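Peer 1: sharing a model that was predicted from the sequence below.
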Amino acid sequence: MGAPQGCVLSPLLFTLLTHDCVTRYECNRIIKFADDSTVIGLVRNGMETASRSEVEHLLGWYDSNNLALNVSKAKELIVDFRISEGAHQPLEIKGVAIIFYEDRDFQGHHYECYSDCGNLQSYVSRCNSIRIDSGCWIIYEHPNYTGYQYFLTKGEYRDYQSWMGFNEKVRSCRMIPTVSTLPYRGSYRVRVYERPEFGGQMMEFTDDCPSVHDRFHYQDIHSCNVLEGYWLFYEHPNYRGRQYFLRPGEYRRYNEWGALTSRIGSFRLIMDCY
C-alpha cells in the first residue's frame, strides 16, 4: 500500500500501518515518523535491559512487516545526569541472532530471528537444527510461547535431539533480555508459594536450588513471584525434566508459567550466556 508524497491519505495510511508498533516496557517510548523513528528508554540504577530489549523488539516488528532498518544511519544518544560518568557498552543492532534450519546439520531453508517471535510457521515449516550467534533463547514447541520449552545458549545444535527436543516442532521463540547485548548484573529474588494465589507457606530464594523438596519441604509450587532476575524452573531435581522460563512478574497459578502440573523439582537463575 502506498500513496504519492503529500497525499492527504498518507498520514492515515501511516497510522494504520504502525498502530501495533508499541513499546513492551512502560519506561520506554517510541516516537514514530515515516523515515526517522526514535526509541526513548529510561535507565534506572544502571539497568539498560528494558531499553536494549525495546530496540530488539522494534527490529522484530520491522521484520514482521517486511521493513528494513538502515543500520548505517541509526545513532545512539546517551543523556547521563550522574555526577560521575559510568561505563556504557555501545548498543549493537542485530548483534544477537538465532537461526532456524528446516533440515539437519544446518541445511535447507533457514530463517534468522533477532527478537521474540510468537509464530515461526510463517518463516519455517519445521526445525531440525539451530545455530545461535550469542545470548540466551527460549524456544517453544507451539505458537504464542506454549508447549515444551527449551533453554538454549550460544552454540550449534545439529538436530533436535541435541536440545533434548521430542520432534521437529519449534513454533515460537523468546530472547532473554538480560543478555540481549549486556549481561544482567543485578540481583536475583523469587518467592515460591505452597498454594495458588500466593497462599500457604512462602520461601524466598536468591540462588540456585537443586532440590525444592530439601529446601522448601514441599514437592509442589502452585504460585510464585519473580521479584528480580530471570529464572528457569525444572520438573525434576538437579535441573532435569521439563523447563519453564520465568520473567519478573506474578504467577498466580502454575499454568501461567506453562506447566501442566505444580510439580517443580529444582530451579536456577539465568546468568551470562556468552
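Peer 2: Perfect, I can see it now.

Peer 1: gap between the lowest-mean-pLDDT helix or strand in the chain and the chain center?
Peer 2: Lowest on mean pLDDT, DSSP states H and E among the helices and strands of the chain sits helix 49-64, with a mean of 77. Centroid separation for helix 49-64 versus its chain: 10 Å, with Cα atoms, centre = their mean, to the nearest Å.

Peer 1: and if you look at stretch 193-212?
Peer 2: With Cα atoms, centre = their mean, you get 23 Å for stretch 193-212.

Peer 1: quick one: residues in contact with it.
Peer 2: Outside stretch 193-212, the residues within contact range by Cβ atoms under 8 Å, 6 or more residues apart in numbering are 187-192, 215-225, 237-239, 250, 252-254, 264-269. For every residue, glycine as well, the C-beta is placed using N, CA and C.

Peer 1: that older thread, helix or strand next in line after the least confident helix or strand of the chain, which one?
Peer 2: Using DSSP states H and E, the helix or strand that follows helix 49-64 in sequence is strand 98-103.

Peer 1: return the list of strands paired to that next one, each annotated with direction.
Peer 2: Paired with strand 98-103 in the same sheet, following DSSP bridges, are strand 107-113 (antiparallel), strand 129-132 (antiparallel).

Peer 1: report how many residues lie close to His80.
Peer 2: Check again: residue 80 is Asp, not His. 10 (other Cβ atoms under 10 Å).

Peer 1: next one: it from Arg44, what distance?
Peer 2: 12 Å (Cβ to Cβ, to the nearest Å).

Peer 1: one more: Thr23?
Peer 2: For Thr23, the distance to Arg44 - Cβ to Cβ - is 16 Å.

Peer 1: neighbour count for these two, which is higher?
Peer 2: Thr23 (16 against 8).

Peer 1: and the strands in the stretch 151-274 of the chain?
Peer 2: 155-157, 172-175, 189-195, 199-205, 223-228, 231-236, 240-246, 249-251, 266-269 (DSSP state E, counting those that start in this stretch).
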